[in-house]
Each structure stands twice: as C-alpha cells, then as structure tokens.
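Visitor: Have a look at this fold, sequence not included:
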RNA sequence: GGCCCCGUAGUGUAGCGGUCUAACACGCCACCCUGUCACGGUGGAGAUCGUCGGUUCGAAUCCGAUCGGGGUCGCCA
C-alpha cells in the first residue's frame, strides 16, 4: 500500500506515530512560511502541515500542489497546539507534521468545486460524474447505498433466502412498459428484450423449488424519465413459496424497520407499519400512496349537505357522486388569491369546481357558498372534517374516482405549501387488496392493475368475469411518505386460473400460448403457491438519504433524455456493426443522425 | 409527444432595448504572509451573453427556430 493509515481515521491516540498517507488535496492554505493542506481520501480528511525548516523539499512540493492533486506524505501524527484544534473535523485534534512528500499526480482545475456543496448544472455534473462523486454528498450517498444493499443481503441470507441471478437478455412482452430491445446476430430479425423486472424468472424459480429467492436486480424500462424514474433502475426482487400476504408484509416490515434503525437512526420510523386496504386508502386519502405525515384525512360530507340549497352538491349526489373534503389546518390565512389557485388546480385535475370554506379565528365564516348553508350545516361540516376556527375546508362533489384524485392533488399541494410533512419522519404503510383490473380506455379493454400473475381473492374469482371492476386482487404496496416504494402480490399458481385471467384480458388462446406458454406450461408441473414483492432500491436509498431525486443515489445515472453525457451514449454505430445484427436505419433516423452529428462537430470546433 | 422554466467568465448568479468598453461572489494566476482550517492582503487574467435567423438606427436584453438541462401531463408500477 502507498499508505499506512486512512486520513479520516487519525485520532489523538495516534499522536506520536509515524504515518504515510495518500490522497487528494482538498484545500491548501499557504501562509508563506507555512503551508496547510487538507488531505482527503475515502475515509475523510486530515490537516497536514509543511514546515520549511523541518522539511524543505516537502515544503517545496507543497508550494506546487493545487486542489485535487494526488499527494503522498510521510510524517508524524502530532497533537495540535492548544487553541488550534478544529472541533468541526473528526480528525481535528491532530495534524500530520510532514517529513517528506511526493506528488503522485497533478490535476487540472476541476470544472466545479469538489470541496464545496454548490449547485452545479445537471449536465456538467454528469459529464464529470467521477468528480461529482468525489464530493461529500455523493460520496456519502454511495456509501449509504452500499450499506443498504449489504444490510438487505445479510438480512435475507439470515432468513434462508437464496440469491439467484436471472438473464438480462430475455423475451419481449407487449404488456406493461416499453421494452429495450437487443438485436440478435445469430437469428436475423429477432430481438431480445432487457427485463422490466425478473418477474417471470422468479416465479419459475418457485416452480424450481427454490422457495426463497432474492436478487438485487437491474431493470429496464424505455419510458420517459422523472425524478423517481430512470431507464435502468434497481429492485430488491424477492419471492417466497407457501406464503400468505402477511408473511411477505411481516418480512418487509422487519427489513425496512431494521434498515431504518441501521442506516437512518435519526429518522423517526413509527412501527408497526400502518396497514389499510386500497379501498380504505382511497376513501381516507384519495390515493393509493398516502403521505401519513400530513395528518389530514378526507371525510364524507354527503349526508350533511344532501338537502342543502346548493345545487352543485345536489346534482352531484343525484348523479351518484358524493361530497367529500378535508380540513387544512391553519388554512384560514389563505387569501382569496390562494383559494382561487387551489380551485384552478382542482379543475386541472378534473373537478368541476372547488368549494372552500374558511372558519375565521373569530368564529365567522368566509366562503363564496356560505349563503347556501344554514349555520348548523356549516358547523356540521367543520365538525365532520375535524376543523376548528382558523382552519379551511376544501370540498369536492363528484364521482369518487374524480374526487379522490382531486383531493389527493389538493392535499399534496397544501401540505407542500404549509410544510406539513415532517422531513424527519418515515411513515411507512402497506396498502392491500388492490383492484384486480383497471379499464384501459385507450385500448377499450380490461388490463391487469398489478400484473398478469396476480391472484384474485378466492371469493372474488367468480365475480371476476361478471364485474371485473369489483374483483380484488391479493396485491399490496409498500408506501412511505406519499411514495410507492415497492409492490407485490400473491401469484396465481394454477394454470386454469391463469387461463381465465388471460381470457378476461382479451388474450386469445393462441396469443396467450405464444407469449406466456412457457409460464402456463410450468404451472402444470406442480407450481407451489407463492408470492413476492419488489421494492425499488433507488427509491429506498433516496428515502434514507433524504434525497428527492434517485439520480443522487445512482453512481452513473442518465439525463432526462436518457443520455449519458460522460460517455456520450447512446450513439451511432458503424454500418458493419449494424449489418451484423441485420438492422437498417430508416431515412428519418439517418437524417436525424446526421443532423446530430453536425451539431456535435460544431460543438467540438467551439471547444477548440 | 403536449405544456412550463432555465441556458451570461471554470462554478453560482446579477444585468432584461442604447449608459454593457457586461457586474458580483467563489475559483484561477502572480506576488506578500510561520498556525490557518470557507486563512488573510495586493494585483491580474478570464465570458461577445447555447446556436442560427429575424425585428430595430441599435439586441445579452424583443420575436422565431433549433440544441442542451430541468419540471410537469401523457407514458410508466
């Protein structure tokens, strides 16, 4: 090794020891006759001192050194002189008096500061990601990610899980997200698809008798990006045989509560985790991924206003809808302008309008619709929502599907505006009993809400065909702070039931055979009852890291347009390479390509 | 794919029709400085304002297109 100690580990106990360190020049403070260098390595940093009398040659080297130079120093750990200790540094009680130093490598001035947490343009950060990762925040996130993964492996190993790798080159499936395709050289015109998840493989492993499987699995989806969506991302994929929902949920609760205690002990993680059905979650929060930190719930106000003079409410109720709303704590300070903005948001989200009622501190009521209601009714509305003076009610009258969506959007907005979400709390919850199917208006057919292999409840199997919308599935989500962390289900393990579901989804026999024949066949060979879940690793780490964007916890993420500014991927390939995989570009693709190439050439010219 | 925001020295920002011969902070370079730790001091270099086109007597500033980054809806579990 080029060093005897890691810089960040030196403590007062090391005083008197001779050490060799190697690392980067984090910062240099040149006092003319004395030079301090903060030497940084992966472990942290320590101050090293260059005295011209004690080590003239080293002092000379230190004069030449600049930020991010790679430096090796020999010296003695000494206790700092009283009054010069730095309590802000872990190593602040000591410093290293340098005897000799070697510049292992020079460094150009970095394109953005490494020793400072400044905001830097996303594209620049990604272009020099290896420098971005040197920065404290990113380095910390990488370590956190490692610790999360290490904990997961240890945890699952201790519970008898087997880590199995599954293919990256697989079969394309038209269901779900768009596939990334890989052309086959050997089979002209045929394509592999990168896995959207190892879903089918893990079920086949259950048929194989593995019983407890997991994998830190890379998944690929060719869809547009978001803060919480990258084209390739990682899941903790797991599956168990001979289990009930509770077994999976209990396992996940143990895992996540344990993880929180291990990697985020400063965060408050209430347990046991809240459990509620999808129906209950939609009723109380208008969402299947509620943020429980807000402390706000939706109330049904239909009966209170059923006989009111207010026609909007009455018409909505007559049309089979309901009147629902929630209280905004302290919302009485909302100016007219703010209420109008909320109404606009409600309309954008699909509501016909928004009724707001402010209960002023002095007991008076302010609302555009106050005149339609008796005083008792207004009081009853407040009571139903748990509102008191100083609060505001937001009310939507519509079909449940609309009011849920709108109230969810409104709730998130007011929570954001009013900082209702405690950043120090991880409010986990399990949402269970999701609907089996949802109506795909575009395709004019039913589609699986979770995925094809999700089992319906036994008692819902019969009504599945006659009323698909009412059938409940044995699917569940783990959510936290208003975000979906992972979803899973108990699977269908009998061929007969799977065939019925496929028929319901309008897949005819031969099509089903072609696309899922291997699964149908596998199920005829004694597939055990099984189920699993797949929490998103990136989201999990982001959650514990307090990061909003999963790019902050991925070493080399892609931009919003799925490019990598560091390597330049994706890029064109030579004609021979294309020919080898039997691919010809369309004229449009070629035109777009040459246009891009010209742009790139200009950029290069400008650089020089 | 739709809509929205952003694009000015290495970085982050200011400037938003003439006074910009483009400002500030950090960084960078040089010199000075033996106890700093976001060291300090003095001086200096560095951007024609993403690109192309237009409006105008005059454009960093207005308009259009285009490229890049971000957000959001669609899409995606």
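Guide: Now that the structure is in, tell me what you want to look at. Remember, predicted model here, so these are calculated numbers, not experimental data.
Visitor: hang on, residue A:78 in a helix?
Guide: No. Per DSSP: H, G, I helix; E, B strand; the rest coil, residue A:78 lies outside any helix segment and is strand.
Visitor: and the nearest residue to it once chain neighbours are set aside, what are its bridge partners?
Guide: Spatial nearest neighbour of residue A:78, excluding adjacent residues (C-beta to C-beta, 6 or more residues apart in numbering): residue A:97 at 5.2 Å. For every residue, glycine as well, the C-beta is placed using N, CA and C. For residue A:97, the beta-bridge partners under DSSP bridges are residue A:49, residue A:76.
Visitor: Please apply the same query to residue A:394.
Guide: Listed beta-bridge partners, residue A:394: residue A:326, residue A:356 (assigned using DSSP bridges).
Visitor: check contacts around it.
Guide: For residue A:394, the contact set (C-beta atoms under 8 Å, 6 or more residues apart in numbering) comprises A:325-326, A:328, A:331, A:342, A:346, A:354-356, A:407, A:410, A:414.
Visitor: For it, give me the pLDDT.
Guide: pLDDT, residue A:394: 96.
Visitor: just to revisit the earlier point, let's have the contacts of residue A:394 in CSV, adding pLDDT, distance to residue A:140 and neighbour count.
Guide: Listed next are the contacts of residue A:394 as CSV, based on pLDDT from 0 to 100; distance: C-beta to C-beta, whole Å; neighbours: other C-beta atoms under 10 Å:
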residue, pLDDT, distance to residue A:140, neighbour count
A:325, 96, 42, 26
A:326, 96, 37, 28
A:328, 95, 36, 28
A:331, 94, 38, 24
A:342, 91, 38, 22
A:346, 91, 40, 27
A:354, 93, 43, 23
A:355, 94, 47, 25
A:356, 95, 43, 24
A:407, 95, 37, 27
A:410, 94, 35, 26
A:414, 92, 32, 23
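Visitor: Close to RNA strand B: what parts of the stretch 151-300 of chain A are there?
Guide: With C-beta under 7 Å from any atom of the strand as the criterion, the stretch 151-300 of chain A meets RNA strand B at residues A:176-178, A:196-197, A:221, A:223-227, A:229.
Visitor: quick check, distance from the top helix by length along chain A to the centre of its chain.
Guide: The single longest helix within chain A, with elements called by DSSP state H, is helix A:136-158. Here helix A:136-158 is found 15 Å from its chain centre; the criterion is C-alpha atoms, centre = their mean, to the nearest Å.
Visitor: which residues are in contact with it?
Guide: By C-beta under 8 Å, 6+ apart, the surrounding residues in contact with helix A:136-158 are A:42, A:117, A:132-133, A:163, A:212, A:214, A:216, A:236, A:238, A:254-255, A:258-259, A:262-263, A:537, A:540-541, A:544-545, A:547, A:552-553, A:555.
Visitor: Tell me which helix or strand comes right after that helix.
Guide: Next in sequence after helix A:136-158, counting helices and strands by DSSP states H and E, comes strand A:162-163.
Visitor: what's in contact with that next one?
Guide: With C-beta under 8 Å, 6+ apart, strand A:162-163 has contacts from A:153, A:156-157, A:210, A:212-216.
Visitor: what pairs with it, and is each one parallel or antiparallel?
Guide: With DSSP bridges as the test, strand A:162-163 pairs up with strand A:212-220 (parallel).
Visitor: Same question for the partner strand: list its buried residues.
Guide: Residues A:212-215, A:217-220 are the ones in strand A:212-220 that count as buried (16 or more other C-beta atoms under 10 Å).
Visitor: Save the residues you listed as JSON lines, and put in distance to residue A:530 and pLDDT too.
Guide: Formatted as JSON lines, the buried residues of strand A:212-220 follow (distance: C-beta to C-beta, whole Å; pLDDT from 0 to 100):
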{"residue": "A:212", "distance to residue A:530": "10", "pLDDT": "98"}
{"residue": "A:213", "distance to residue A:530": "9", "pLDDT": "98"}
{"residue": "A:214", "distance to residue A:530": "13", "pLDDT": "98"}
{"residue": "A:215", "distance to residue A:530": "15", "pLDDT": "98"}
{"residue": "A:217", "distance to residue A:530": "17", "pLDDT": "97"}
{"residue": "A:218", "distance to residue A:530": "23", "pLDDT": "96"}
{"residue": "A:219", "distance to residue A:530": "20", "pLDDT": "96"}
{"residue": "A:220", "distance to residue A:530": "24", "pLDDT": "95"}
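Visitor: how about those in TSV, adding distance to residue A:421?
Guide: Converted to TSV, the buried residues of strand A:212-220 look like this (distance: C-beta to C-beta, whole Å):
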residue	distance to residue A:421
A:212	36
A:213	35
A:214	31
A:215	32
A:217	30
A:218	31
A:219	28
A:220	32
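Visitor: can you tell me the distance between the two ends of stretch A:27-45?
Guide: Length of stretch A:27-45, first residue to last, C-alpha to C-alpha, to the nearest Å: 10 Å.
Visitor: can you list contacts of it?
Guide: Contacts for stretch A:27-45 (C-beta under 8 Å, 6+ apart): A:3, A:6-9, A:21-26, A:46-52, A:59, A:62-63, A:65-67, A:71, A:73, A:89-91, A:96, A:115, A:139.
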